[in-house]
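Engineer: pasting the structure only:
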DNA sequence: ATAATATGCAACCAAATGGTTGCCTGTCAA
DNA sequence: TTGACAGGCAACCATTTGGTTGCATATTAT
């Protein structure tokens, strides 16, 4: 879970996920197109995404195709975001109370 | 949004959020208790959480009380996780197909 | 066979990160 | 009013991070 959060912390990596979400199964070169970064930088980002299991790569001839794995993102939603949804309203009203107290 | 992801990337910061989720409105010293870190390190983490709007601090005498703001986490769920839920099943079956192809 | 294409590997670099120590300031209680 | 307690500020440090360049390797097309 920690690796997933770390992987998601970088905007370039999130945009790589976006690109794969738009079109799955892209090669390294395809994923590089239009980015202000060298291919090697993208390789490193993809390696981090693979380690976090957010992306899976398959070699196909001389190309390496990248596929999105939606499971970890789903788990972030289920195991983490959801936890904070519980007690959300209580926290919000507490927050409001404190903000109002400042004007006393 | 980027600041939120960056703030969530660190396990110590996520555990601070957990602590506040367990009991809201804790002081700096309370949040330090039991952690293998100096108070100043915790201060820095809290500053990052505040900048990301995940935590709001209110001075109360000589104490600084910290309150959880559930909104950014909620937004991560709504604006980000949800996006990848769309097309999740397609991505999953594509992934399965590629995994099976490896055994050919 | 050979050239072009797609990717991999390793060394290097600057900047950001997570942490420390030392000292200063503000507030409460004796 | 004088400690003691809660917190703030700044300088410093090691490691990680995000990126680069240069070269090597593997596959495809001519």
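Structural biologist: Right, received. Where do you want to start? Bear in mind that the values here come from a model prediction, so they are computed numbers and not experimental data. Residues are numbered from 1 along each chain as shown, chains lettered A, B, ... in the order given.
Engineer: hmm, the helix or strand bottoming out on mean pLDDT in chain A in reach of chain B?
Structural biologist: In chain A, no helix or strand scores lower on mean pLDDT, DSSP states H and E than helix A:88-101, which sits at a mean of 90. Yes: Helix A:88-101 comes into contact with chain B (Cβ under 8 Å from any Cβ of the partner chain), by way of A:88, A:90-92, A:94-95, A:98-99, A:101. Any C-beta I mention is one placed from the backbone N, CA and C, and that applies to glycine too.
Engineer: which ones are touching residue A:1?
Structural biologist: By Cβ atoms under 8 Å, 6 or more residues apart in numbering or on different chains, the contact list for residue A:1 reads A:75-76, A:79-80.
Engineer: where does pLDDT dip in chain A?
Structural biologist: A:102-104 (pLDDT under 70).
Engineer: break it into its domains for me.
Structural biologist: Per automatic domain parsing, the domain ranges recorded for chain A read A:1-69, A:70-104.
Engineer: in the shortest one, what counts as buried?
Structural biologist: To tie it back to what came earlier, the one meant is domain A:70-104. For domain A:70-104, a neighbour-count test (16 or more other Cβ atoms under 10 Å in any protein chain shown) marks A:70, A:72-73, A:76-77, A:80-81, A:84, A:88, A:91-92, A:94-95, A:98 as buried.
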